[in-house]
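Asker: this one's structure only:
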């Protein structure tokens, strides 16, 4: 009977560690295809706890009747410490919390600098911006823009910003950060407990596996560029409850983070190098950030369509457009896009006729390792079509 106690103690400790190991960035955990195992452990966590708890109870009396009572006592303390640590300290939604109060300010009241990089979202005449220095901690911000509920997400380990409608099969849904898979943040929906990837809004485990969240277009730009494009935009401000967790100096957004998972490679095509990723139809391609900064405008063909990728003079704001044909040539001057002699702003609105717009293409700044992982067939732009 004494053996049952120690089997139960070892089992509960191993289980609580493994349950978190597979969905957090621990040595080796994010480089294996373990999502099915992770979801199985999570789904049956109470069954495993009951099993190991029963073994502990079955052997608790005999083991404490022995001479060395301190041994089982120490084992119990260690088990309780592991349970507490891996359920209350190392759980993703306990480490990275959503803002308690969402506060927005316009250009006149905003205190953030012009070079601050934000995810900007415009919908139904309303424009809002979410600074990277805040959302890299929160990972998600649930908000309403232009009357539509949205979830603004960011994964600092992948350098991916995405915006989705929190709607599953037409029904509103709530999400919590549950962990990560292949270094990408995962969210769990409240209704079914399915797990969703941040990088593409796809459910990868649970009853809704294979479903996808509707994606909303966003632009990663500097605050100066945002206010130039949308003078009446409002910007998310600091949440007082999260002040100590923010990247207040904006090191991450400028590629100055020192963390192993969030650092930046200054050279091209390394694991942590920046790329701009684009998907057109069934094809995807990555454009080297260093090359884009040098050329300012890259014209290419992808998925049977002519496209253009441009970066602003601030070396931070970028955008992509579909060209009418391979013969339609773009040029860029003073951050205006010139197409057949007509000037457009950085979100594709004609200077002379704001109702006339270029067709934008979703473009994402991302670490090369992330883009390559989630787009295994991606092409690399090398200057030729």
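Answerer: Happy to help now that I have it. The model shown is predicted, which means the values in this text are computed figures rather than measured ones.
Asker: tell me the secondary structure for the residue lying farthest from the centre of the chain?
Answerer: Using Cα atoms, centre = their mean, the residue of the chain lying farthest from its centre is residue 67. It sits 53.9 Å away. Classification of residue 67 using DSSP: H, G, I helix; E, B strand; the rest coil returns coil.
Asker: read off the pLDDT value for it.
Answerer: Per-residue confidence (pLDDT) for residue 67: 75.
Asker: surely residue 291 is in a helix?
Answerer: Yes. Counting by three-state DSSP, residue 291 is part of a helix.
Asker: run a quick neighbour tally on it.
Answerer: The tally of other residues near residue 291 (other Cβ atoms under 10 Å) stands at 15. In this view, the C-beta of every residue, glycine as well, is placed from N, C-alpha and C.
Asker: enumerate every residue touching it.
Answerer: Residues in contact with residue 291, defined by Cβ atoms under 8 Å, 6 or more residues apart in numbering, are 268, 298, 381, 383.
Asker: for the first one, phi and psi?
Answerer: It refers to residue 268. Main-chain torsions, residue 268, degrees, to the nearest 10: phi -90, psi 150.
Asker: count of residues packed around the closest residue to residue 118 other than its chain neighbours?
Answerer: In this structure, residue 118 finds its nearest non-sequential neighbour in residue 129, 3.9 Å apart by Cβ to Cβ, 6 or more residues apart in numbering. Per other Cβ under 10 Å, the neighbour tally for residue 129 reads 27.
Asker: ok, back up a step: now, which of the contacts of residue 291 lie within strands?
Answerer: Using DSSP state E, the subset of the contacts of residue 291 located in strands is residue 298.
Asker: now, of the contacts of residue 291, which are buried?
Answerer: Among the contacts of residue 291, the ones that count as buried by 16 or more other Cβ atoms under 10 Å are 298, 381.
Asker: returning to that earlier point: list the contacts of the residue nearest to residue 118.
Answerer: Contacts of residue 129 (Cβ under 8 Å, 6+ apart): 118-121, 223, 226, 233-236.
Asker: export those residues to JSON lines and tack on pLDDT, secondary structure and neighbour count?
Answerer: Formatted as JSON lines, the contacts of residue 129 follow (pLDDT from 0 to 100; DSSP: H, G, I helix; E, B strand; the rest coil; neighbours: other Cβ atoms under 10 Å):
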{"residue": "118", "pLDDT": "98", "secondary structure": "strand", "neighbour count": "29"}
{"residue": "119", "pLDDT": "98", "secondary structure": "strand", "neighbour count": "23"}
{"residue": "120", "pLDDT": "97", "secondary structure": "strand", "neighbour count": "26"}
{"residue": "121", "pLDDT": "97", "secondary structure": "strand", "neighbour count": "23"}
{"residue": "223", "pLDDT": "97", "secondary structure": "helix", "neighbour count": "24"}
{"residue": "226", "pLDDT": "97", "secondary structure": "helix", "neighbour count": "28"}
{"residue": "233", "pLDDT": "97", "secondary structure": "coil", "neighbour count": "22"}
{"residue": "234", "pLDDT": "98", "secondary structure": "strand", "neighbour count": "17"}
{"residue": "235", "pLDDT": "98", "secondary structure": "strand", "neighbour count": "25"}
{"residue": "236", "pLDDT": "98", "secondary structure": "strand", "neighbour count": "24"}
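Asker: quick one: the nearest residue to residue 234 once chain neighbours are set aside and residue 141, what's the gap?
Answerer: Using Cβ to Cβ, 6+ apart and skipping the chain neighbours, the partner closest in space to residue 234 is residue 104 (3.9 Å). Distance, residue 104 to residue 141, by Cβ to Cβ, to the nearest Å: 11 Å.
Asker: again, but for residue 272
Answerer: Here the distance between residue 272 and residue 141 works out to 25 Å (Cβ to Cβ).
Asker: next helix or strand past the helix or strand where residue 134 lies?
Answerer: Using DSSP states H and E, residue 134 sits in helix 132-138. Where DSSP H and E defines the elements, the next helix or strand beyond helix 132-138 is strand 140-145.
Asker: quick one: contacts of the helix or strand that comes right after that next one?
Answerer: Reading on from strand 140-145 to the C-terminus, the next helix or strand found by DSSP H and E is strand 148-155. Under the criterion Cβ under 8 Å, 6+ apart, residues 119, 121, 123-124, 130, 132, 135-136, 138-144, 160-167, 172, 175, 180, 183-185, 187, 198-199, 213, 216, 218, 370 lie in contact with strand 148-155.
Asker: just the buried members of the residues you listed?
Answerer: Among the contacts of strand 148-155, the ones that count as buried by 16+ other Cβ under 10 Å are 119, 121, 123, 130, 132, 135-136, 138-143, 160-166, 175, 180, 183-185, 187, 198-199, 213, 216, 218, 370.
Asker: sorry, back to before: and the contacts of residue 291, which two are the farthest apart?
Answerer: Between any two of the contacts of residue 291, the greatest separation by Cβ to Cβ is 13.9 Å, found for 268 and 298.
Asker: surely residue 253 and residue 133 touch.
Answerer: Yes. Using Cβ atoms under 8 Å, residue 253 is in contact with residue 133, at 6.0 Å.
Asker: buried set for stretch 355-374?
Answerer: For stretch 355-374, by 16+ other Cβ under 10 Å, it's 358, 361, 363-374.
Asker: work out for me the element residue 320 sits within.
Answerer: strand 318-322.
Asker: residues in contact with residue 88?
Answerer: Applying Cβ under 8 Å, 6+ apart, the residues near residue 88 are residue 94.
Asker: quick one: the helices in the stretch 51-200 of the chain?
Answerer: Per DSSP state H, counting those that start in this stretch, the stretch 51-200 of the chain has helices spanning 70-84, 92-95, 132-138. These are given in chain order.
Asker: which one of these lies nearest to residue 43?
Answerer: Using Cβ to Cβ, those put helix 92-95 closest to residue 43, at 16.8 Å.
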